[in-house]
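# Okay, structure incoming, though there's no sequence with it:
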Ligand SMILES: Nc1ncnc2c1ncn2[C@@H]1O[C@H](COP(=O)(O)OP(=O)(O)OP(=O)(O)O)[C@@H](O)[C@H]1O
Ligand SMILES: N[C@@H](CCO)C(=O)O
(Lines give C-alpha, C1' and ligand atoms only; values in the text may rest on other atoms or scores of the structure.)
(Ligands and ions follow the chains in the order given, each with its own letter.)
Protein backbone atom coordinates (compact mmCIF):
# COMPACT_ATOMS: atom_id res chain seq x y z
CA UNK A 1 0.00 0.00 0.00
CA UNK A 2 1.40 3.42 -0.99
CA UNK A 3 -0.32 6.26 0.87
CA UNK A 4 0.39 9.99 0.92
CA UNK A 5 1.50 9.96 4.56
CA UNK A 6 -2.03 10.84 5.68
CA UNK A 7 -3.43 7.40 4.99
CA UNK A 8 -4.89 8.27 1.58
CA UNK A 9 -3.92 6.08 -1.36
CA UNK A 10 -4.51 7.46 -4.86
CA UNK A 11 -3.94 5.90 -8.23
CA UNK A 12 -5.43 5.72 -11.73
CA UNK A 13 -5.95 2.77 -14.02
CA UNK A 14 -5.87 3.53 -17.75
CA UNK A 15 -7.15 0.94 -20.23
CA UNK A 16 -7.43 1.35 -24.01
CA UNK A 17 -10.40 0.50 -26.18
CA UNK A 18 -9.87 -2.15 -28.83
CA UNK A 19 -11.03 -3.43 -32.18
CA UNK A 20 -11.35 -7.20 -32.45
CA UNK A 21 -11.19 -9.50 -35.48
CA UNK A 22 -9.76 -6.98 -38.07
CA UNK A 23 -11.61 -9.00 -40.71
CA UNK A 24 -10.67 -12.71 -40.65
CA UNK A 25 -9.32 -12.98 -37.08
CA UNK A 26 -12.63 -13.79 -35.40
CA UNK A 27 -12.04 -14.26 -31.64
CA UNK A 28 -8.26 -14.21 -32.24
CA UNK A 29 -6.92 -10.81 -33.31
CA UNK A 30 -7.18 -7.60 -31.31
CA UNK A 31 -5.85 -4.08 -31.77
CA UNK A 32 -5.65 -1.70 -28.79
CA UNK A 33 -6.66 1.81 -29.84
CA UNK A 34 -6.29 5.30 -28.44
CA UNK A 35 -9.54 5.93 -26.52
CA UNK A 36 -8.97 5.27 -22.82
CA UNK A 37 -11.18 4.18 -19.95
CA UNK A 38 -9.77 5.72 -16.77
CA UNK A 39 -10.50 4.77 -13.17
CA UNK A 40 -9.44 7.41 -10.65
CA UNK A 41 -9.23 5.48 -7.41
CA UNK A 42 -8.93 6.85 -3.87
CA UNK A 43 -8.70 4.61 -0.82
CA UNK A 44 -9.11 6.47 2.47
CA UNK A 45 -7.47 4.21 5.02
CA UNK A 46 -8.16 6.70 7.84
CA UNK A 47 -11.83 5.68 7.88
CA UNK A 48 -12.89 2.72 9.99
CA UNK A 49 -16.32 2.16 8.47
CA UNK A 50 -18.26 3.09 5.36
CA UNK A 51 -21.89 3.92 4.64
CA UNK A 52 -21.48 2.69 1.06
CA UNK A 53 -22.34 -0.86 -0.03
CA UNK A 54 -19.23 -3.04 -0.17
CA UNK A 55 -17.28 0.02 1.14
CA UNK A 56 -17.22 1.46 -2.37
CA UNK A 57 -18.59 4.67 -3.86
CA UNK A 58 -18.76 4.94 -7.64
CA UNK A 59 -19.07 8.12 -9.65
CA UNK A 60 -19.17 8.16 -13.45
CA UNK A 61 -18.68 10.52 -16.35
CA UNK A 62 -18.66 9.74 -20.05
CA UNK A 63 -20.59 7.54 -22.46
CA UNK A 64 -24.13 6.75 -21.39
CA UNK A 65 -23.75 9.13 -18.42
CA UNK A 66 -27.37 10.25 -18.48
CA UNK A 67 -28.91 7.00 -19.70
CA UNK A 68 -28.39 4.99 -16.53
CA UNK A 69 -26.71 2.26 -18.61
CA UNK A 70 -23.76 2.13 -16.26
CA UNK A 71 -24.95 1.35 -12.72
CA UNK A 72 -23.32 3.10 -9.78
CA UNK A 73 -24.04 0.30 -7.31
CA UNK A 74 -20.74 -1.60 -6.81
CA UNK A 75 -22.63 -4.91 -6.72
CA UNK A 76 -24.07 -4.22 -10.21
CA UNK A 77 -21.40 -2.22 -12.02
CA UNK A 78 -19.33 -4.45 -14.33
CA UNK A 79 -15.98 -2.94 -13.29
CA UNK A 80 -16.51 -3.29 -9.54
CA UNK A 81 -18.18 -6.72 -9.85
CA UNK A 82 -15.09 -7.96 -11.66
CA UNK A 83 -12.82 -6.38 -9.01
CA UNK A 84 -14.90 -8.11 -6.30
CA UNK A 85 -14.52 -11.43 -8.10
CA UNK A 86 -10.72 -11.05 -7.93
CA UNK A 87 -10.88 -9.92 -4.27
CA UNK A 88 -13.17 -12.78 -3.22
CA UNK A 89 -10.92 -15.34 -4.89
CA UNK A 90 -8.35 -14.02 -2.40
CA UNK A 91 -10.63 -14.09 0.66
CA UNK A 92 -11.36 -10.37 0.69
CA UNK A 93 -15.15 -9.98 0.79
CA UNK A 94 -15.40 -6.24 0.01
CA UNK A 95 -13.38 -3.20 -1.01
CA UNK A 96 -11.05 -1.65 1.58
CA UNK A 97 -12.75 0.98 3.74
CA UNK A 98 -13.25 3.41 2.07
CA UNK A 99 -12.83 3.18 -1.69
CA UNK A 100 -13.96 5.78 -4.21
CA UNK A 101 -13.82 4.85 -7.90
CA UNK A 102 -14.41 7.70 -10.32
CA UNK A 103 -14.91 6.22 -13.81
CA UNK A 104 -14.13 8.39 -16.82
CA UNK A 105 -15.34 6.48 -19.87
CA UNK A 106 -15.13 7.95 -23.38
CA UNK A 107 -15.40 4.47 -25.02
CA UNK A 108 -18.78 4.22 -26.80
CA UNK A 109 -20.89 1.41 -25.28
CA UNK A 110 -21.96 -1.57 -27.37
CA UNK A 111 -20.42 -0.28 -30.60
CA UNK A 112 -17.65 -2.80 -31.25
CA UNK A 113 -14.83 -0.84 -29.65
CA UNK A 114 -14.32 -3.18 -26.72
CA UNK A 115 -16.02 -1.15 -23.98
CA UNK A 116 -16.84 -4.31 -21.99
CA UNK A 117 -13.35 -5.75 -22.56
CA UNK A 118 -11.83 -2.51 -21.22
CA UNK A 119 -14.22 -2.59 -18.23
CA UNK A 120 -13.26 -6.21 -17.43
CA UNK A 121 -9.51 -5.52 -17.71
CA UNK A 122 -9.78 -2.34 -15.62
CA UNK A 123 -11.87 -4.31 -13.10
CA UNK A 124 -9.31 -7.09 -12.59
CA UNK A 125 -6.57 -4.47 -12.25
CA UNK A 126 -8.69 -2.62 -9.69
CA UNK A 127 -9.12 -5.83 -7.67
CA UNK A 128 -5.39 -6.48 -7.78
CA UNK A 129 -4.48 -2.93 -6.70
CA UNK A 130 -6.97 -2.40 -3.88
CA UNK A 131 -6.38 -5.95 -2.63
CA UNK A 132 -2.60 -5.54 -2.67
CA UNK A 133 -2.43 -8.80 -4.65
CA UNK A 134 0.67 -10.20 -6.28
CA UNK A 135 -0.75 -11.08 -9.72
CA UNK A 136 1.13 -10.61 -12.98
CA UNK A 137 -0.58 -9.71 -16.27
CA UNK A 138 -0.68 -13.34 -17.44
CA UNK A 139 -2.62 -14.29 -14.30
CA UNK A 140 -4.90 -11.25 -14.69
CA UNK A 141 -5.63 -12.48 -18.22
CA UNK A 142 -6.92 -15.76 -16.67
CA UNK A 143 -9.29 -13.80 -14.43
CA UNK A 144 -10.51 -11.72 -17.41
CA UNK A 145 -11.20 -14.91 -19.38
CA UNK A 146 -13.52 -16.21 -16.68
CA UNK A 147 -15.73 -13.21 -17.44
CA UNK A 148 -15.30 -12.27 -21.12
CA UNK A 149 -14.75 -15.60 -22.84
CA UNK A 150 -13.28 -14.49 -26.14
CA UNK A 151 -9.69 -13.33 -25.64
CA UNK A 152 -9.26 -10.79 -28.47
CA UNK A 153 -10.54 -7.54 -26.87
CA UNK A 154 -9.22 -8.26 -23.39
CA UNK A 155 -5.83 -9.40 -24.75
CA UNK A 156 -5.46 -6.10 -26.61
CA UNK A 157 -6.75 -3.98 -23.71
CA UNK A 158 -4.46 -5.67 -21.17
CA UNK A 159 -1.25 -6.09 -23.17
CA UNK A 160 -1.66 -3.28 -25.73
CA UNK A 161 -0.75 -3.08 -29.42
CA UNK A 162 -1.70 -5.50 -32.18
CA UNK A 163 -2.09 -8.98 -30.71
CA UNK A 164 -2.95 -12.54 -31.59
CA UNK A 165 -4.61 -14.41 -28.73
CA UNK A 166 -5.20 -18.09 -28.18
CA UNK A 167 -6.51 -20.43 -25.51
CA UNK A 168 -4.63 -23.37 -24.09
CA UNK A 169 -6.32 -26.79 -24.33
CA UNK A 170 -7.56 -27.45 -20.80
CA UNK A 171 -7.89 -30.62 -18.76
CA UNK A 172 -11.53 -31.83 -18.39
CA UNK A 173 -11.68 -30.52 -14.83
CA UNK A 174 -10.34 -27.11 -15.89
CA UNK A 175 -12.86 -27.01 -18.75
CA UNK A 176 -15.55 -27.54 -16.13
CA UNK A 177 -14.10 -24.64 -14.13
CA UNK A 178 -14.24 -22.19 -17.06
CA UNK A 179 -17.71 -23.28 -18.09
CA UNK A 180 -19.24 -22.15 -14.83
CA UNK A 181 -22.09 -19.67 -15.55
CA UNK A 182 -21.03 -16.03 -15.27
CA UNK A 183 -23.53 -15.43 -12.49
CA UNK A 184 -21.53 -17.81 -10.32
CA UNK A 185 -18.21 -16.19 -11.16
CA UNK A 186 -19.21 -12.61 -10.58
CA UNK A 187 -20.38 -11.76 -7.06
CA UNK A 188 -24.09 -11.45 -6.42
CA UNK A 189 -25.75 -8.56 -8.28
CA UNK A 190 -27.44 -5.69 -6.48
CA UNK A 191 -29.62 -6.81 -3.64
CA UNK A 192 -28.00 -10.26 -3.58
CA UNK A 193 -26.80 -11.71 -0.32
CA UNK A 194 -23.11 -12.41 0.20
CA UNK A 195 -23.02 -16.11 1.03
CA UNK A 196 -19.38 -15.88 2.06
CA UNK A 197 -18.48 -18.53 -0.50
CA UNK A 198 -15.26 -18.31 -2.47
CA UNK A 199 -16.03 -17.98 -6.20
CA UNK A 200 -14.47 -20.49 -8.63
CA UNK A 201 -10.87 -19.47 -9.34
CA UNK A 202 -9.60 -19.48 -12.93
CA UNK A 203 -7.31 -22.31 -14.00
CA UNK A 204 -3.70 -21.15 -14.64
CA UNK A 205 -2.59 -20.16 -18.14
CA UNK A 206 -5.99 -20.28 -19.88
CA UNK A 207 -5.10 -17.62 -22.39
CA UNK A 208 -1.95 -16.50 -24.19
CA UNK A 209 -1.03 -13.71 -26.56
CA UNK A 210 1.60 -12.82 -29.08
CA UNK A 211 2.39 -9.25 -30.18
CA UNK A 212 2.62 -8.49 -33.87
CA UNK A 213 4.48 -5.51 -35.35
CA UNK A 214 2.34 -2.65 -36.63
CA UNK A 215 3.40 -0.38 -39.48
CA UNK A 216 3.37 3.12 -38.00
CA UNK A 217 2.06 4.79 -41.17
CA UNK A 218 -1.26 2.95 -40.75
CA UNK A 219 -4.04 4.74 -38.87
CA UNK A 220 -7.42 3.36 -37.89
CA UNK A 221 -10.48 5.38 -38.91
CA UNK A 222 -13.44 4.37 -36.73
CA UNK A 223 -16.90 5.22 -38.10
CA UNK A 224 -19.25 4.84 -35.15
CA UNK A 225 -23.01 4.60 -35.84
CA UNK A 226 -25.38 6.03 -33.26
CA UNK A 227 -27.01 2.68 -32.45
CA UNK A 228 -25.77 -0.18 -30.26
CA UNK A 229 -25.36 -3.87 -31.09
CA UNK A 230 -24.88 -5.90 -27.90
CA UNK A 231 -22.10 -8.43 -28.47
CA UNK A 232 -24.26 -11.28 -27.15
CA UNK A 233 -26.86 -10.54 -29.85
CA UNK A 234 -24.19 -10.29 -32.57
CA UNK A 235 -22.90 -13.74 -31.55
CA UNK A 236 -26.37 -15.29 -31.61
CA UNK A 237 -26.69 -14.66 -35.37
CA UNK A 238 -23.55 -16.70 -36.15
CA UNK A 239 -23.98 -20.29 -37.35
CA UNK A 240 -22.87 -23.25 -35.24
CA UNK A 241 -21.09 -24.82 -38.24
CA UNK A 242 -19.35 -23.39 -41.31
CA UNK A 243 -18.72 -24.66 -44.85
CA UNK A 244 -15.14 -25.92 -45.15
CA UNK A 245 -14.32 -23.48 -47.99
CA UNK A 246 -15.26 -20.51 -45.77
CA UNK A 247 -12.99 -21.72 -42.98
CA UNK A 248 -10.14 -22.21 -45.47
CA UNK A 249 -10.80 -18.73 -46.88
CA UNK A 250 -10.30 -17.17 -43.43
CA UNK A 251 -7.26 -19.32 -42.60
CA UNK A 252 -5.57 -18.16 -45.80
CA UNK A 253 -6.20 -14.53 -44.94
CA UNK A 254 -5.20 -14.77 -41.28
CA UNK A 255 -1.86 -16.15 -42.44
CA UNK A 256 -1.34 -12.87 -44.33
CA UNK A 257 -2.82 -10.32 -41.94
CA UNK A 258 -0.06 -9.89 -39.27
CA UNK A 259 2.65 -9.74 -41.95
CA UNK A 260 0.68 -7.38 -44.18
CA UNK A 261 -0.02 -4.91 -41.35
CA UNK A 262 3.53 -5.06 -39.98
CA UNK A 263 5.52 -4.29 -43.08
CA UNK A 264 6.59 -0.83 -44.21
CA UNK A 265 5.69 0.64 -46.62
CA UNK A 266 2.24 -0.96 -46.44
CA UNK A 267 1.02 -2.82 -49.52
CA UNK A 268 -2.64 -1.77 -50.04
CA UNK A 269 -3.60 -4.71 -52.26
CA UNK A 270 -2.16 -7.25 -49.81
CA UNK A 271 -3.83 -5.62 -46.80
CA UNK A 272 -7.15 -5.37 -48.61
CA UNK A 273 -7.03 -9.11 -49.39
CA UNK A 274 -5.85 -9.98 -45.88
CA UNK A 275 -8.83 -8.20 -44.29
CA UNK A 276 -11.54 -10.26 -46.02
CA UNK A 277 -13.77 -12.47 -43.87
CA UNK A 278 -16.40 -15.16 -44.32
CA UNK A 279 -16.98 -16.22 -40.71
CA UNK A 280 -18.85 -13.34 -39.09
CA UNK A 281 -19.38 -10.18 -41.14
CA UNK A 282 -21.91 -11.56 -43.67
CA UNK A 283 -24.10 -12.94 -40.85
CA UNK A 284 -24.02 -9.65 -38.95
CA UNK A 285 -25.38 -7.69 -41.95
CA UNK A 286 -28.85 -8.46 -40.62
CA UNK A 287 -28.08 -6.33 -37.54
CA UNK A 288 -26.08 -3.60 -39.26
CA UNK A 289 -27.82 -1.99 -42.25
CA UNK A 290 -25.28 -0.90 -44.89
CA UNK A 291 -22.50 -3.25 -43.74
CA UNK A 292 -22.64 -5.46 -46.86
CA UNK A 293 -22.44 -2.48 -49.24
CA UNK A 294 -19.58 -0.88 -47.30
CA UNK A 295 -17.44 -4.01 -47.23
CA UNK A 296 -18.13 -4.81 -50.89
CA UNK A 297 -17.62 -1.37 -52.38
CA UNK A 298 -14.76 0.22 -50.41
CA UNK A 299 -11.33 -0.78 -51.75
CA UNK A 300 -7.89 0.79 -52.32
CA UNK A 301 -8.63 0.99 -56.05
CA UNK A 302 -11.68 3.19 -55.53
CA UNK A 303 -10.49 5.12 -52.47
CA UNK A 304 -7.06 6.71 -52.28
CA UNK A 305 -5.26 6.11 -49.00
CA UNK A 306 -7.51 3.21 -47.99
CA UNK A 307 -5.90 -0.14 -47.16
CA UNK A 308 -8.88 -2.20 -46.02
CA UNK A 309 -12.21 -2.05 -44.25
CA UNK A 310 -13.89 -4.36 -41.74
CA UNK A 311 -16.47 -4.56 -38.99
CA UNK A 312 -14.90 -3.57 -35.67
CA UNK A 313 -15.50 -6.38 -33.17
CA UNK A 314 -19.16 -7.32 -33.11
CA UNK A 315 -20.08 -3.92 -34.64
CA UNK A 316 -21.73 -1.69 -35.56
CA UNK A 317 -18.52 0.41 -35.83
CA UNK A 318 -16.66 0.15 -39.14
CA UNK A 319 -12.89 0.21 -39.02
CA UNK A 320 -11.05 1.51 -42.08
CA UNK A 321 -7.26 1.20 -42.10
CA UNK A 322 -5.64 3.96 -44.11
CA UNK A 323 -2.48 6.00 -44.67
CA UNK A 324 -4.13 9.26 -45.90
CA UNK A 325 -7.44 10.89 -46.93
CA UNK A 326 -9.03 9.89 -43.63
CA UNK A 327 -11.87 12.38 -43.87
CA UNK A 328 -12.86 11.37 -47.42
CA UNK A 329 -12.85 7.70 -46.41
CA UNK A 330 -14.98 8.40 -43.33
CA UNK A 331 -17.40 10.58 -45.34
CA UNK A 332 -17.93 7.84 -47.90
CA UNK A 333 -18.76 5.27 -45.21
CA UNK A 334 -20.99 7.74 -43.38
CA UNK A 335 -22.91 8.20 -46.66
CA UNK A 336 -23.79 4.48 -46.71
CA UNK A 337 -25.20 4.70 -43.20
CA UNK A 338 -27.01 7.95 -44.04
CA UNK A 339 -28.94 6.12 -46.80
CA UNK A 340 -30.20 3.81 -44.03
CA UNK A 341 -31.17 6.81 -41.89
CA UNK A 342 -28.30 6.24 -39.43
CA UNK A 343 -26.08 9.04 -38.14
CA UNK A 344 -22.42 8.44 -37.24
CA UNK A 345 -19.44 10.09 -35.65
CA UNK A 346 -15.89 9.27 -36.74
CA UNK A 347 -12.43 9.32 -35.17
CA UNK A 348 -8.84 8.75 -36.25
CA UNK A 349 -7.24 6.33 -33.80
CA UNK A 350 -3.75 4.93 -33.32
CA UNK A 351 -2.44 1.72 -31.73
CA UNK A 352 -2.27 2.12 -27.95
CA UNK A 353 -0.23 0.73 -25.08
CA UNK A 354 -1.84 -1.73 -22.69
CA UNK A 355 -3.31 -1.13 -19.24
CA UNK A 356 -1.28 1.07 -16.91
CA UNK A 357 -1.51 1.90 -13.22
CA UNK A 358 -0.43 5.47 -12.47
CA UNK A 359 0.23 6.49 -8.84
CA UNK A 360 -1.13 9.91 -7.84
CA UNK A 361 -0.07 11.74 -4.69
N1 LIG B 1 -17.00 1.57 -18.25
C2 LIG B 1 -17.97 0.69 -18.04
N3 LIG B 1 -18.49 0.55 -16.80
C4 LIG B 1 -19.44 -0.36 -16.56
N5 LIG B 1 -20.01 -1.14 -17.53
C6 LIG B 1 -19.54 -1.04 -18.77
C7 LIG B 1 -18.50 -0.12 -19.08
N8 LIG B 1 -18.22 -0.25 -20.40
C9 LIG B 1 -19.07 -1.19 -20.88
N10 LIG B 1 -19.86 -1.66 -19.92
C11 LIG B 1 -20.91 -2.68 -20.07
O12 LIG B 1 -20.68 -3.43 -21.27
C13 LIG B 1 -21.81 -3.30 -22.17
C14 LIG B 1 -21.34 -3.29 -23.62
O15 LIG B 1 -20.70 -4.51 -23.89
P16 LIG B 1 -20.75 -5.22 -25.31
O17 LIG B 1 -19.85 -6.41 -25.20
O18 LIG B 1 -22.16 -5.45 -25.72
O19 LIG B 1 -20.15 -4.16 -26.32
P20 LIG B 1 -18.68 -3.62 -26.57
O21 LIG B 1 -17.74 -4.27 -25.60
O22 LIG B 1 -18.73 -2.15 -26.55
O23 LIG B 1 -18.40 -4.11 -28.06
P24 LIG B 1 -17.41 -5.28 -28.65
O25 LIG B 1 -17.33 -6.37 -27.63
O26 LIG B 1 -18.06 -5.72 -29.92
O27 LIG B 1 -16.10 -4.61 -28.93
C28 LIG B 1 -22.46 -1.99 -21.75
O29 LIG B 1 -23.81 -1.94 -22.12
C30 LIG B 1 -22.26 -2.01 -20.23
O31 LIG B 1 -23.22 -2.86 -19.63
N1 LIG C 1 -14.55 -11.59 -31.42
C2 LIG C 1 -15.70 -11.01 -30.79
C3 LIG C 1 -15.39 -9.58 -30.46
C4 LIG C 1 -16.56 -8.83 -29.86
O5 LIG C 1 -16.39 -8.66 -28.51
C6 LIG C 1 -16.89 -11.09 -31.74
O7 LIG C 1 -16.72 -10.74 -32.91
O8 LIG C 1 -17.98 -11.48 -31.32
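Arrived safely, thanks for sending. All figures in this text were calculated on a predicted structure; none of them were measured in a lab. Residues are numbered from 1 along each chain as shown. Ligands and ions are numbered 1, 2, ... in the order given.
# Now find how far off-centre the helix or strand harbouring residue 296 is within its chain.
Per DSSP states H and E: residue 296 is located in helix 291-297. Its chain's C-alpha centre and that of helix 291-297 lie 25 Å apart, by C-alpha atoms, centre = their mean, to the nearest Å.
# Next: stretch 103-117.
Counting by C-alpha atoms, centre = their mean, stretch 103-117 comes out at 7 Å from the chain centroid.
# now do the same end-to-end measure for that stretch.
Taking C-alpha to C-alpha, to the nearest Å, stretch 103-117 runs 15 Å from one end to the other.
# if you average pLDDT over it, what comes out?
Summarised as a single mean, pLDDT over stretch 103-117 is 97.
# Start at 35, not 1
Taking 35 as the first residue, the last one we looked at is stretch 137-151.
# the strands in the stretch 35-184 of the chain, which residues?
42-55, 59-78, 90-96, 133-139 (DSSP state E, counting those that start in this stretch).
# Tell me how this structure divides into domains.
Here the domain parsing of the chain from automatic domain parsing is 42-243+385-394, 248-383.
# and the longest one, anywhere near ligand 1?
So the one you mean is domain 42-243+385-394. Yes: applying C-beta under 6 Å from any ligand atom, one finds domain 42-243+385-394 touching ligand 1 at 54, 71, 103-104, 111-113, 137, 139, 143-151, 153, 187. In short, each C-beta sits where N, CA and C put it, glycine included.
# List only those of those residues flagged as buried.
54, 71, 104, 111-113, 137, 139, 143-151, 153, 187 (16 or more other C-beta atoms under 10 Å).
# Give me the subset of those lying in helices.
112-113, 149-151, 153, 187 (DSSP state H).
# Between the two ends of stretch 162-178, how far is it?
12 Å.
# oh sorry, the question was meant for stretch 267-276
Stretch 267-276 end-to-end distance (C-alpha to C-alpha) = 19 Å.
# and what of stretch 168-187?
So stretch 168-187: terminal residues 24 Å apart, C-alpha to C-alpha.
# how about the strands in the stretch 235-384 of the chain?
Shown for the stretch 235-384 of the chain, the strands assigned by DSSP E, counting those that start in this stretch span residues 241-246, 253-259, 340-345, 352-356, 378-383.
# Spell out which parts of the stretch 285-395 of the chain neighbour ligand 1.
So the stretch 285-395 of the chain meets ligand 1 at 347-348 (C-beta under 6 Å from any ligand atom).
# ok, back up a step: now the strands of the stretch 235-384 of the chain as a markdown table including mean pLDDT, mean neighbour count and distance to ligand 2?
Shown next, in a markdown table, are these (pLDDT from 0 to 100; neighbours: other C-beta atoms under 10 Å; distance: least, C-beta to the nearest ligand atom, whole Å):
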| stretch | mean pLDDT | mean neighbour count | distance to ligand 2 |
| --- | --- | --- | --- |
| strand 241-246 | 96 | 17 | 13 |
| strand 253-259 | 98 | 22 | 14 |
| strand 340-345 | 98 | 26 | 8 |
| strand 352-356 | 98 | 27 | 12 |
| strand 378-383 | 98 | 18 | 17 |
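# how about the ones you listed, which one is nearest residue 269?
Closest approach to residue 269 among those is made by strand 340-345 (12.9 Å; C-beta to C-beta).
# what's the angle between that closest one and strand 352-356?
Relative orientation of strand 340-345 versus strand 352-356 (axes from the mean of the first three to the mean of the last three C-alpha atoms, to 10 degrees): 160 degrees.
# Which elements pack onto strand 340-345?
helix 302-308, helix 315-318, helix 325-331, strand 352-356 (3 or more C-beta pairs under 8 Å, 6 or more residues apart in numbering; DSSP states H and E).
# which secondary structure elements does the last one contact?
Helices and strands touching strand 352-356, by 3+ C-beta pairs under 8 Å, 6+ apart, are strand 253-259, strand 340-345, helix 360-373.
# quick one: contacts for the residue of the stretch 185-334 of the chain found nearest ligand 1?
Nearest residue of the stretch 185-334 of the chain to ligand 1 (C-beta to the nearest ligand atom) works out as residue 265 at 3.4 Å. Listed by C-beta atoms under 8 Å, 6 or more residues apart in numbering, the contact set of residue 265 reads 144, 150, 347-348.
# from the residues you listed, which single one is nearest residue 392?
Closest to residue 392, out of all of the contacts of residue 265 and judged by C-beta to C-beta, is residue 150, at 22.7 Å.
# which stretches of the stretch 35-184 of the chain aren't confidently modelled?
35-39 (pLDDT under 70).
# Which residues of it lie near ligand 2?
54-55, 60-61, 184.
# about what we covered before: export the helices and strands packed on strand 352-356 to CSV and tack on distance to residue 393?
Shown next, in CSV, are those (distance: least, C-beta to C-beta, whole Å):
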stretch, distance to residue 393
strand 253-259, 30
strand 340-345, 38
helix 360-373, 36
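# Looking at those, spot the one closest to residue 323.
Per C-beta to C-beta, nearest to residue 323 of those: helix 360-373, 7.7 Å.
# Give me the contact list for that closest one.
253, 255, 257, 259, 323-324, 327-328, 332, 337-340, 343, 352, 354, 356, 377-378, 380, 382.
# Can you name the residues that contact the closest residue to residue 53 other than its chain neighbours?
In space, and not counting its chain neighbours, residue 53 is closest to residue 346: 4.3 Å by C-beta to C-beta, 6 or more residues apart in numbering. Going by C-beta under 8 Å, 6+ apart, residue 346 touches 53-55, 145-147, 256, 352-353.
# For residue 346, report the pLDDT, please.
Reported pLDDT for residue 346: 98.
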